[in-house]
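Novice: here is my input, please return the structure:
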Amino acid sequence: MDKLDSKLLQEIADLHEIPQGAYNIRKNGELVARNNVAGIEIVTKQDKPGIDIYIKDNTKNQSLHIPVIVTQQGLNDLVYNDFYIGKDCDVVIVAGCGVHNDGNTANGHDGIHTFFIGENSRVKYIEKHLGTGSEKAEKILNPTTVLHLNKGAIMKMETIQLGGVSASKRKTIAEVLDDAVLEINESILTEFAQTATTEFEVNLNGANSRVNVVSRSVAKGTSKQSFVSAVNGNNKCFGHVECDAIVMDKAQVMSTPALQNTDADANLTHEAAIGKIAGEQLIKLQTLGLTQEQAENVIIKAFLKK
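Specialist: Residues are numbered from 1 along each chain as shown. Now for the predicted structure:
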């Protein structure tokens, strides 16, 4: 891998060198490097592009890195990754994709990730996306995540779009069973004429199941964002969805909640806030010697990391 590859891996997966633990690194549709460890096995699919990941019962304090980079002109990479996570596990999974494009033909990556999480397992899943290269060159990312949380499972999911992505459509579908908990934190930055769409569908099917979805986004230039959240309470459960956005220049953000209960003991809530950066925040930072642009960047960085 060259310097560009290394830079992308640092940005999307915090990798400055080959990681400890299990990993599968993919570049331009091909496997670059792989490592299995005790408790985690990565197997190449035979019927379609992608991998199957098997995590044995009681696997704890282990990490898995599965980054993808796309730098080949005109390539639209597609993978199907399935995660089979046993009972009583505690693991961290770091995914993400970096796309670089300086040409006239779109580059992109579509990752379809399906998780089967065993009883009482804890999974932290981090997925970062980044586009680099010419502003006018198209970088397209369309991630799909399907989650099956068995009894007592806990899934903490962080999805981060760092910028430079021309168009993205993220879709997440989840089934949450008895006493299971799903936490999703999303951060998105768009600028210029970029577009980003997020769709969440969470089915709280189990007794005492819970979901908390928090989306924070910043839209600049003439970019457009759409956030659609559907939470279905089909048992005694709790669900909360929160969408906060900062809008700058002539950008647009739309938030569409859809809460539905089929059980009288389902407790579902939604809140949204869309607006500009408060003037007093800018003034306070400018009195410290920052320019308006510097002050805006400080506020945006802090807002997206909340």
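Novice: and for Gly39, the neighbour number?
Specialist: Neighbourhood size, Gly39 [other CB atoms under 10 Å]: 19. C-beta coordinates here come from the backbone N, C-alpha and C atoms, glycine included.
Novice: could you point out the helix or strand that follows the helix or strand harbouring Asn212?
Specialist: Per DSSP states H and E, Asn212 falls inside strand 209-219. With elements assigned by DSSP H and E, the helix or strand that comes after strand 209-219 is strand 224-233.
Novice: residues making contact with the one helix or strand Ser168 maps to?
Specialist: If you go by DSSP H and E, Ser168 is part of strand 167-176. Residues outside strand 167-176 that contact it (CB atoms under 8 Å, 6 or more residues apart in numbering): 129, 138, 140-149, 157, 159, 161, 182, 184, 186, 194-206, 209-211, 237.
Novice: the inter-axis angle of the very next helix or strand once past it versus strand 167-176?
Specialist: Using DSSP H and E, the next helix or strand after strand 167-176 towards the C-terminus is strand 181-190. Taking axes from the mean of the first three to the mean of the last three CA atoms, to 10 degrees, one finds that strand 181-190 is oriented at 170 degrees with respect to strand 167-176.
Novice: given strand 181-190, what are its sheet partners and their directions?
Specialist: For strand 181-190, the paired strands and their directions (DSSP bridges) are strand 154-161 (parallel), strand 209-219 (parallel).
Novice: can you give me the end-to-end distance of stretch 254-268?
Specialist: Distance between the boundary residues of stretch 254-268 (CA to CA, to the nearest Å) amounts to 20 Å.
Novice: buried ones in it?
Specialist: When burial is assessed from 16 or more other CB atoms under 10 Å, stretch 254-268 yields the following buried residues: 255, 257, 259, 261, 266, 268.
Novice: now the closest residue to Ala230 other than its chain neighbours: which helix or strand?
Specialist: Of all residues not flanking Ala230 in the chain, Ala258 sits nearest, at 4.1 Å (CB to CB, 6 or more residues apart in numbering). Counting by DSSP H and E, the element that carries Ala258 is strand 252-261.
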